[in-house]
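> Sequence and computational prediction follow.
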Amino acid sequence: MRAVIAFCVAVLPLVIGITWNPPDNITDFSLYQIYPRSYKDSDGDGIGDLRGIIQRLDHLTESNVDAVWLSPIYRSPMVDFGYDISNFTEIDPIFGTLKDFEDLVKAAHDRNLSLILDFVPNHTSDQHEWFQKSLQGISPYDNYYVWHPGRMENGTRKPPNNWVSVMGGSAWEWRDERQAYYLHQFVKQEPDLNYSSPNVRREMEDVLRFWLDKGVDGFRIDAMKYLYEDQRFLDEPLSGLTDDPNSYDYTLKIYTTDQQQTYDILPTWRQILDKYKQPKYIFIEAYTNTSSTMKYYHYGADFPFNFDLITNLTRNSTAADIQHIVDSWFENMPEGGTPNWVLGNHDRSRLISRIGETRAGALIMCLLLLPGVSVTYYGEEIGMTDEYISWEDTQDPQGCLAGKANYQSKSRDPQRTPFQWNNSVSAGEFPTRYNFHTAETVFGPIAQLLRNKFSEKANFLLAETTNQIENGFSSNPHTWLPINKNYKTYNLAAEKKDKNSYYTLYEKLSNLKKSKHNRKWAKVVTKVLDEYVFAIARETSPKYGNVYAITNFGDKASKVDLSSVFDDVPRKLNVYYASTVSKVLPW
Ligand code: NOJ
Ligand code: MG
């Protein structure tokens, strides 16, 4: 019999938890999000790229990843770091070429890894050819975007209504060329596409087909809830939360998000994907209320991301709160749906920085032992934390727009720093005995000479130097965002050697998630064992054994009795534990 236990101890009040019976064919895999600028730089410009990802696919297979989602890699002026797309079917030169992409698809598939692209249907870059032509009123592009002449107030022209952009300020921007305002729900360089135009719908379907024909296995759909807006362009009601008309919280989003037409378009995309022989996935990004989120299951998504463990959990949440978060997904998800669990992404503060180290380990245990799809944001597996980024180094438009006084609460740069591979160049520093310039400028050109003519020792030095460069994030000491200062302690190479490291915990749990019998787990039972101890049991037939995940979210050791809350707990269990407390109670 197997069991996974964090801490064990005395029995306290017991809250009835859910019992969930997964369907026989449950989709159960591990999805990993790569933010391509920050995963691995292969060409020394300090920015991650596609060749870098190819070089580091082994890390994904070693970490039991089944599918990789890449944040956008398309041609982009990079105002919003790739979410502002100026050509949907070209790769941005920063990331490489279409050939690099094709090589990546092949390399991933050779390793049985599925490749998921970010599909950004809500908006384009203002540099996109469509927008440039729309500005000039050239048909049929003239109505590819949402244009409005605005309204006159005491002789002055004003935006059509009080709609606010997610990044703050009016969602409308005036353009003299068109003598009209255009809608942008995000930054003004990201004009919203007009989905009431059949041409726009057709163009975006072609984009899906283009990448599917290249072999991709599906899409994460960006900002889905913003797709359609109510065409009456009425003011949204005030929320009462703030008096600041420039704050996104100023209004209730009844006309700009979650519109019925947004759901109606999804089956048309599903149909396109289903024409391909291999199964294709659709994952939806929509931070919205429970019923609007769950609706995506009914309209053809494999799943809408479950952000509840990000948005509803705090440093003070009790075990009952956590149980409520977990159970409510099962309760609200339609029958036969695939549950999924997300702890972080490029828009949110990193897990450890958000909720603290002790809780982060316990949540990783929930992430990997709950059934369905686990979503890991790059670096989460080694416990990367947010890094302080100065105003001068700030890149994220959301941070820049907030201004020097407020940027820290808005900027998403802290969670986007380069992956910490080891403690060498730019996942750190170059070892002092090998000067960086020597390695690049002298060793490079004369490498062959060294190999052929010089002593064994020189060869050895060369090999070691090259290896050091290759193993870090970049050979460039200046990376697009600074490397987190904690790289010397928290890096993959060091953590692989340390059996108590964060990565070791992640790897062990992901092994368990992947193991054959776990995919057949029959039912899931959640229990609260004391104020901060939350338990998940995955019970199956005697042939496979049960798994119990006992997670302590508190800062004190606690005694729990499993057999008082779960039926038929075997007398003998294999126990694995992970702890941030030095002394773990004897079992
Ligand atoms: C959601 C993405 O995750 C975020 O990074 C981006 O800024 C907006 N959508 C706009 O595309
Ligand atoms: Mg690069």
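Structure's in. What do you need? Residues are numbered from 1 along each chain as shown. Ligands and ions are numbered 1, 2, ... in the order given.

> Verify the contact between residue 242 and residue 249 for me.
Yes - contact status for residue 242 versus residue 249: in contact at 5.1 Å, counting by CB atoms under 8 Å. The C-beta positions use only the backbone N, C-alpha and C, and glycine is treated the same way.

> got the contact list for the closest residue in space to residue 241 that isn't next to it in sequence?
Take residue 241 and drop its neighbours on the chain: the residue closest to it by CB to CB, 6 or more residues apart in numbering is residue 249, 4.6 Å away. Residues in contact with residue 249 (CB atoms under 8 Å, 6 or more residues apart in numbering) are 239, 241-242.

> cool, residue 137 as well?
By CB under 8 Å, 6+ apart, residue 137 lies in contact with residue 178.

> which element is it on?
Secondary structure assigned from DSSP states H and E places residue 137 in neither a helix nor a strand.

> Next, count neighbours for residue 382.
22 (other CB atoms under 10 Å).

> try residue 25
Using other CB under 10 Å, residue 25 is surrounded by 8 other residues.

> That one - that's part of a helix, no?
No - Residue 25 sits outside any helix when classified using DSSP: H, G, I helix; E, B strand; the rest coil, being coil.

> Now do the same contact list for it.
Applying CB under 8 Å, 6+ apart, no residues contact residue 25.

> Same question for the one 5 residues further on.
Contacts here follow CB under 8 Å, 6+ apart; on that basis residue 30 touches 63-67, 368, 373-374, 376, 510, 513-514.

> Apply 7 Å and report the result again.
The neighbourhood of residue 30, defined by CB atoms under 7 Å, 6 or more residues apart in numbering, consists of 64-66, 374, 376, 510, 513.

> what pairs with it across the strands?
residue 374 (DSSP bridges).

> hmm, back to that, narrow the contacts of residue 30 to those in helices?
By the criterion of DSSP state H, membership of the contacts of residue 30 in helices covers 510, 513.

> Helices of the stretch 401-550 of the chain, residue ranges please.
407-410, 436-437, 447-453, 456-471, 492-497, 502-514 (DSSP state H, counting those that start in this stretch).

> Next up, the contacts around the closest residue to ligand 1 within the stretch 201-350 of the chain.
Nearest residue of the stretch 201-350 of the chain to ligand 1 (CB to the nearest ligand atom) works out as residue 223 at 4.1 Å. Residue 223 sits next to 122, 285 when contact means CB under 7 Å, 6+ apart.

> Now for residue 398, how many residues are close by?
Counted with other CB under 10 Å, the neighbours of residue 398 add up to 19.

> Check residue 104 too.
25.

> residue of the chain with the smallest distance to ligand 1?
For the chain, CB to the nearest ligand atom, closest residue to ligand 1: residue 83, 3.4 Å.

> weakest of the helices of the stretch 401-550 of the chain by average pLDDT?
Comparing mean pLDDT across these, the weakest is helix 436-437, with a mean of 31.

> Can you tell me how far the residue nearest to residue 241 is from residue 158?
21 Å (CB to CB, to the nearest Å).

> still on that earlier bit, wait, which of the contacts of residue 30 is closest to residue 146?
residue 376 (36.0 Å; CB to CB).

> Apart from its chain neighbours, what residue comes closest to that closest one?
residue 32 (4.9 Å).

> now do residue 85
residue 74 (4.8 Å).

> Which residues does that neighbour form beta bridges with?
residue 91.

> How about the contacts made by it?
Counted by CB under 7 Å, 6+ apart, residue 74 has contacts 82, 85, 87-88, 90-92.

> And these, which of them are buried?
The neighbour-count test (16 or more other CB atoms under 10 Å) marks 82, 85, 87-88, 91-92 as buried among those.

> now these as JSON lines including pLDDT and distance to ligand 2?
Putting the buried ones among the contacts of residue 74 into JSON lines (pLDDT from 0 to 100; distance: CB to the ion, whole Å) gives the following:
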{"residue": "82", "pLDDT": "98", "distance to ligand 2": "14"}
{"residue": "85", "pLDDT": "99", "distance to ligand 2": "19"}
{"residue": "87", "pLDDT": "99", "distance to ligand 2": "19"}
{"residue": "88", "pLDDT": "99", "distance to ligand 2": "22"}
{"residue": "91", "pLDDT": "98", "distance to ligand 2": "12"}
{"residue": "92", "pLDDT": "98", "distance to ligand 2": "11"}
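
> Surely the residue nearest to residue 376 is in contact with residue 70?
No - using CB atoms under 7 Å, residue 32 is not in contact with residue 70; the gap is 9.9 Å.

> Off-centre distance for stretch 567-576?
35 Å (CA atoms, centre = their mean, to the nearest Å).

> List the buried residues in that stretch.
569, 573, 576.

> Next: stretch 60-69.
Quick answer for stretch 60-69 (16+ other CB under 10 Å): 60, 63-69.

> now do stretch 277-291
Quick answer for stretch 277-291 (16+ other CB under 10 Å): 280-288.

> Can I get that stretch as PDB, trimmed to CA atoms?
The C-alpha trace of stretch 277-291 is given here as PDB (Å, rounded to 0.1, in the frame of the first residue of the first chain):
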ATOM      1  CA  LYS A 277      -6.800  12.900 -36.500                       C
ATOM      2  CA  GLN A 278      -4.800  13.400 -33.200                       C
ATOM      3  CA  PRO A 279      -6.800  14.700 -30.200                       C
ATOM      4  CA  LYS A 280      -6.400  18.500 -29.900                       C
ATOM      5  CA  TYR A 281      -6.900  20.600 -26.700                       C
ATOM      6  CA  ILE A 282      -8.500  23.800 -25.900                       C
ATOM      7  CA  PHE A 283      -7.800  25.500 -22.500                       C
ATOM      8  CA  ILE A 284      -9.500  28.800 -21.700                       C
ATOM      9  CA  GLU A 285      -8.100  31.700 -19.800                       C
ATOM     10  CA  ALA A 286     -11.000  33.500 -18.200                       C
ATOM     11  CA  TYR A 287     -10.900  35.000 -14.700                       C
ATOM     12  CA  THR A 288     -14.600  35.200 -14.100                       C
ATOM     13  CA  ASN A 289     -17.400  33.900 -11.800                       C
ATOM     14  CA  THR A 290     -18.000  30.200 -11.300                       C
ATOM     15  CA  SER A 291     -21.000  29.800 -13.600                       C
END
